[in-house]
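Colleague: Dropping a prediction and its sequence here:
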Amino acid sequence: MIRVLVVEDDPIVAEAHRTYVQRVEGFTVAGVVLTGAEALRFCDREEVDLVLLDFYLPDTHGLAVCRALRAASSQVDVIAVTSARDLAVVKAAVSIGVIQYLLKPFTFASLRDKLERYAEFRRSVGHAADQAEIDHALATLRAPAPHTLPKGMSDQTLTAIVTTLREQPDGLSAAAAAEVTGVARVTARRYLEYLADNGLAKRVPRYGQVGRPEIWYRGLTR
């Protein structure tokens, strides 16, 4: 069983990640912490194989956590789970041994793919007979993830909807999302429902004067 530490400062997102990990065969959640300092203390006293590490933590940056782990000679592996898209950050993460980089927001299928590839990598590096086997083990981590969006949905529209959610921390309706992104209201609702179904957004009922409440959506990640 591969023991995973979830490091995420948003309790709702942290719980979603914990649930995701528990759904993948061969993995168990060793713990969930909200800060970099807690992560370092946990890894020092508990058995951890893999850290799912958010980079934007309230007390430090995820890269600093990685450097501290390496300075302490920790052999724990790290998968970055973050909204950081700066290529300089990605390069720095690779240089200090981050083995996978998963951008928020993501679906359960995307995280499952990363975890399953990691598990295969661990099995492959137990003993490598030759260069070809070493190359195969490394390629396991780097192979592209399969496309997971439902038929008829596009990455471009999903990105536009996610960006709109991030810019509205109090949430917004499908009609408002449609107006901002320029898509049809039914299309905006489909993408918002997709995000909510995958734990990447939260449905929030908004009550007016009469009638049924209108459903608003609030993003869970920065």
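Modeller: Alright, I've got the coordinates.
Colleague: Every contact and neighbour count from this point should use C-alpha atoms.
Modeller: OK.
Colleague: Same question for residue 94, what's its three-state structure.
Modeller: Residue 94 falls in the helix class when you classify it by DSSP: H, G, I helix; E, B strand; the rest coil.
Colleague: Tell me how many other residues surround it.
Modeller: The number of residues packed around residue 94, counting by other C-alpha atoms under 10 Å, is 14.
Colleague: Just the buried residues of the longest helix seen in the chain, please?
Modeller: Ranked by number of residues, the top helix in the chain under DSSP state H is helix 108-124. If you call a residue buried by 16 or more other C-alpha atoms under 10 Å, then helix 108-124 has these buried ones: 108-119, 121, 124.
Colleague: so what secondary structure elements neighbour it?
Modeller: If contacts are counted by 3 or more C-alpha pairs under 8 Å, 6 or more residues apart in numbering; DSSP states H and E, helix 108-124 sits against helix 11-22, helix 131-142.
Colleague: Starting from the strand or helix carrying residue 178, tell me the next helix or strand along the chain.
Modeller: Under the criterion of DSSP states H and E, residue 178 resides in helix 174-181. Sequence order places helix 185-197 as the next helix or strand after helix 174-181, per DSSP H and E.
Colleague: Summarise which helices and strands that next one is packed against.
Modeller: Helices and strands touching helix 185-197, as assessed by 3+ C-alpha pairs under 8 Å, 6+ apart, comprise helix 155-166, helix 174-181, strand 201-206.
Colleague: Which among those is found nearest to residue 95?
Modeller: Residue 95 sits nearest to helix 155-166 of all the helices and strands packed on helix 185-197, at 27.9 Å, using C-alpha to C-alpha.
Colleague: just to revisit the earlier point, ok, residues contacting the helix holding residue 178?
Modeller: For helix 174-181, the external contacting residues (C-alpha atoms under 8 Å, 6 or more residues apart in numbering) are 160-161, 164-165, 184-189, 192, 216-217.
Colleague: Okay, angle between that helix and helix 155-166 too, please.
Modeller: Here the directions of helix 174-181 and helix 155-166 differ by 110 degrees (axes from the mean of the first three to the mean of the last three C-alpha atoms, to 10 degrees).
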